[in-house]
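In: got a sequence here, can you model it:
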Amino acid sequence: MRILGIDFGSSSIKAVEVDSAFGRHEIHDYHEFPLTLESTPERVIQQLIQKLPKLPDRVIAHIPSSQYTFRNLQFPTRDKKVIQSSMAFELEDELPFPSDQCVYDSIIYSQSKAGSEVHVEATLKAHLQNTLELWKKSGIQPDILTTDLWAYSNLFKQSLPSLKEQPDSPVLLIQAGHQKTTLYVHWQGKPQIIREIPWGGWDLTQAIIQKYQIAEEEAEIIKLDRGFIATPGSQASELTPEQNELSETLTQACEPLVRELKLTLLSIRGISRTGAKTIYLTGGTSLLHGFSQWIARQVGIDTQSFHAMSASTHSGVTYSEQTEAKHLLAMSLALCQVGPSKSQCINLRKGEFAKDSASRALNLKAFRQPLIALSAISVSLILSLIVQSQVYSKRLITADEQLERSVRNFFGQLSSSGIRTYLSNPSTLRASINKELNKYREFSKYISPHPKSPMGFLSRISNALPRDIVVDLVQFQAGISPMDSFHKLDSPFTATLTFLVASPQIAEKLIDHLNKQMSSLQRGKLEEVLTAENIKKWKITVSGKPNEESYAQ
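Out: Predicted coordinates for the structure are as follows:
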């Protein structure tokens, strides 16, 4: 079977053909067609299909990450039917849009005695309709319309077995494209974060245009042929002034990416408590010389190119850096229908958006004998379903009894009429449960650790100070008034610190560091004092509110 994965990018359309047979797969070919002002996306897709020597058996496309959302949900049951029936109820509070205006699909990740972990992805019907209209104009309908998040997740699980040796280490993938960059986080065998930021190679071209006041075509040539980001040390000293100027221009244009990257790394630390250990780079912009080393130096994490195409093939073929970087998403989409997990794939083409069956019309005369056999199988299947329905009916009765016992155990002494009221009105049951849980949450505040301990803040300030900044803390005041109520404990507080330093220069370094840890920082006057040992020191007093980031360190 030949599978075609199509990546609809902002500057070009990439496609990868994968042949799958007998449990093995190989990359047959890959293609790239640029998008220009003269060629519409529909025409480019038509050119792609016409160039193929053989029409694919299955076409897989995706919707942009800005048009969908996902959740990893926990269900206290292993029954798939119960999970599907309660999915809409769970999504009411999870989705940022009405459930009747969206389409969703789900996959059960894992099951245990405690229940099931389910991955759900949803998009608005309007977004799905617009995407399918575009494909309809091109004359081809994708069999599966999934997401880039699911494609990346499937790639990490199936094609990179070495990552399974580090289940406790989150991995960050940076897909740096032409006009946008996707940040994807994979941890414990499932997706955790995906972000799309409006930054890419186009921003580097614009920086060159503004710096040298040249045409766009010339700036693009300079970026591709001579663009680089210099690394510190001996390389910088060997560059000409013109090369240094170009490197600084591109470095400044990359600063917005680093800011977003650091925010993502903070989110990873909040989820995993350990932080990311590896960053993989892909996309056309990642081919900029020195880009990988510069990213690693900015965030202090090992950064490397993502050679997924070479790693996923069984023939041992090694692909070029440019091919690997540009065709990752297209290959990942094709691999969604390869391997043992091909039966579990997020497909948003469901219900009214399912692929038109008319496009798959069959010749009934040629299939007369198989249809007769199929009819016999159908009769057997119907009989089997009847038996199964009776079994499931008994299971539903058992589930209702278990639910009734659970409600009675949760609320204590409860009359039969009260139980029937709760079971017939889920919203009332949910409100009552939330009311009881809120009581326990309020009580837990009195026995839980201080959410924003002043001593903890002081400890983090001390641990974060560089070794070249040596200070003596002579006074520390922080926290809220003893007369304030308990619920204000997690409110921001003001801290006042007085330090003794050996020189004014160290005092300035100390202030620069505290500016990163505290907001609204106010500094006092730098005073020269003598210690008890008759040693000259400099006294400085600062005050401000600790930043939220200081608690995450």
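In: backbone phi and psi for residue 525, please?
Out: phi -80, psi 140 (degrees, to the nearest 10).
In: likewise residue 141?
Out: phi -110, psi 120.
In: how much space separates it from residue 63?
Out: Using CB to CB, to the nearest Å, residue 141 is found at 14 Å from residue 63. Yep, even glycine has a C-beta here, placed from its N, CA and C like the rest.
In: so these two - more neighbours on which side?
Out: residue 63 (20 against 15; other CB atoms under 10 Å).
In: list the contacts of the more buried one.
Out: By CB atoms under 8 Å, 6 or more residues apart in numbering, the residues touching residue 63 are 123, 127-128, 131, 145, 147, 348.
In: so what's it bridging to?
Out: residue 147 (DSSP bridges).
In: surely residue 299 meets residue 262?
Out: Yes: in terms of CB atoms under 8 Å, residue 299 counts as a neighbour of residue 262; the distance is 6.5 Å.
In: neighbour count winner among these two?
Out: Using other CB under 10 Å as the criterion, residue 299 and residue 262 rank with residue 299 on top: 18 against 13.
In: report pLDDT for that one.
Out: Residue 299 is assigned 92 on the pLDDT scale.
In: check contacts around it.
Out: 258, 261-262, 265, 279.
In: one step back: with the contacts of residue 63 in mind, which one is nearest to residue 11?
Out: For those, the residue nearest residue 11 by CB to CB is residue 131; the value is 18.5 Å.
In: nearest residue to the closest one in space, please, no chain neighbours.
Out: residue 63 (5.5 Å; CB to CB, 6 or more residues apart in numbering).
In: so what's that neighbour scoring on pLDDT?
Out: The per-residue pLDDT of residue 63 was computed as 90.
In: same thing with residue 490?
Out: 60.
In: could I get the average pLDDT for stretch 374-394?
Out: Mean predicted lDDT for stretch 374-394 stands at 88.
In: same check, this time on stretch 128-140
Out: For stretch 128-140, mean pLDDT rounds to 86.
In: buried residues, that stretch. List them.
Out: Judged by neighbour count (16 or more other CB atoms under 10 Å), stretch 128-140 contains these buried residues: 128, 131-132, 135, 138, 140.
In: repeat for stretch 315-325
Out: 319, 323-325.
In: follow-up on the earlier one: buried subset of the contacts of residue 63, written for ChimeraX?
Out: Remark: buried members of these, expressed as a ChimeraX selection using 16+ other CB under 10 Å:
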select :123,127,128,131,145,147,348
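In: tell me the one among the contacts of residue 63 nearest to residue 45.
Out: residue 131 (12.5 Å).
In: in contact with the closest one, which residues?
Out: 61, 63, 67, 145.
In: what about 10 Å?
Out: Contacts for residue 131 (CB atoms under 10 Å, 6 or more residues apart in numbering) come out as 8, 61-64, 67, 123, 142, 145, 348, 353.
In: take those residues and keep only those in strands.
Out: 8, 61-63, 123, 145 (DSSP state E).
In: how is the chain divided into domains?
Out: 162-306, 411-448, 454-552 (automatic domain parsing).
In: looking at those domains, which one is packed in the most?
Out: domain 162-306 (a mean of 17; mean count of other CB atoms under 10 Å).
In: how far off centre is that domain?
Out: 16 Å (CA atoms, centre = their mean, to the nearest Å).
In: same check, this time on stretch 465-478
Out: With CA atoms, centre = their mean, you get 38 Å for stretch 465-478.
In: neighbouring contacts of it?
Out: 452-455, 457-458, 461-462, 493-502, 506-507, 509-510, 512-514, 517, 529, 531, 537, 539-541, 543, 545-546.
In: and for residue 372, the neighbour number?
Out: Counted with other CB under 10 Å, residue 372 comes out at 10.
In: let me redo that: residue 70
Out: Residues near residue 70, counting by other CB under 10 Å: 22.
In: nearest spatial neighbour of it, skipping sequence neighbours?
Out: Nearest to residue 70 is residue 121, by CB to CB, 6+ apart, at 4.5 Å.
In: thinking again about what came up before, of the ones in strands among the contacts of residue 131, which pair is most distant in space?
Out: 8 and 123 (15.0 Å).
In: could you check how far the closest residue to residue 142 other than its chain neighbours is from residue 51?
Out: Leaving aside its chain neighbours, residue 142 sits nearest to residue 61 (4.0 Å; criterion: CB to CB, 6+ apart). Remark: distance between residue 61 and residue 51 (CB to CB) = 17 Å.
In: neighbour count for the two, which is higher?
Out: Neighbour totals were compared for residue 61 and residue 51, and residue 61 leads with 25 against 11 (other CB under 10 Å).
In: avg pLDDT for the helix or strand harbouring residue 28?
Out: Here residue 28, judged by DSSP states H and E, is contained in strand 24-34. Mean pLDDT, strand 24-34: 88.
In: do the same with stretch 472-485
Out: Per-residue scores along stretch 472-485 average to 74.
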